[in-house]
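Chemist: One predicted model, sequence on top.
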Amino acid sequence: MIHKIRQYTEADLEGVLSSWENASKIGHPFLADEFLDKERYNIPNVYLPNADTWVADINGVVVGFIALLGNEVGAIFVEPKHHGTGIGKSLMDKAQEIHGDIEVEVFEKNSIGHRFYLRYGFKPLSQKFTRQQETNYYG
């Protein structure tokens, strides 16, 4: 299926939340439900208003998104049934087109994310520990 990358609009919110929720279930099974509930609230109320967000669209249906905070990827999520189809790469390509060199932080236990970023060509930069999880930075 052919997808297009376009700027996020408020009408895309349900597709963005669906992509985030479905991809989080497989990429972040280690996160507590309370944390995920808070993030579900934060996405439309805190993150999206402060991010440059782009969506992947197939026939008018949002199947993934990337939220950029300057040159940092604040979030990138693709519906699991579309993993491996080039949508994530297209979203990252858009981020690079806009910002050049980009960085990303990923949870240590998110093996799907690590594989994706390494395949894309990112190199590990540093590691950080928080109360929630250990994270790694790539650039």
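Modeler: Right, received. Where do you want to start? Numbers count the residues shown, from 1 in each chain.
Chemist: packing partners for the helix or strand V104 falls within?
Modeler: Here V104, judged by DSSP states H and E, is contained in strand 103-107. Here strand 103-107 touches strand 72-78, helix 111-120, strand 134-138, going by 3 or more C-beta pairs under 8 Å, 6 or more residues apart in numbering; DSSP states H and E. From N, CA and C alone the C-beta is placed, and that goes for glycine too.
Chemist: Quick one: mean pLDDT over the shortest one.
Modeler: What strand 134-138 shows for mean pLDDT is 46.
Chemist: Pick the most deeply packed of the helices and strands packed on strand 103-107.
Modeler: Of all the helices and strands packed on strand 103-107, strand 72-78 carries the top mean neighbour count, a mean of 22, counting by mean count of other C-beta atoms under 10 Å.
Chemist: Give me the sheet partners of it and which way each runs.
Modeler: Strand pairing for strand 72-78, using DSSP bridges, gives strand 61-69 (antiparallel), strand 103-107 (parallel).
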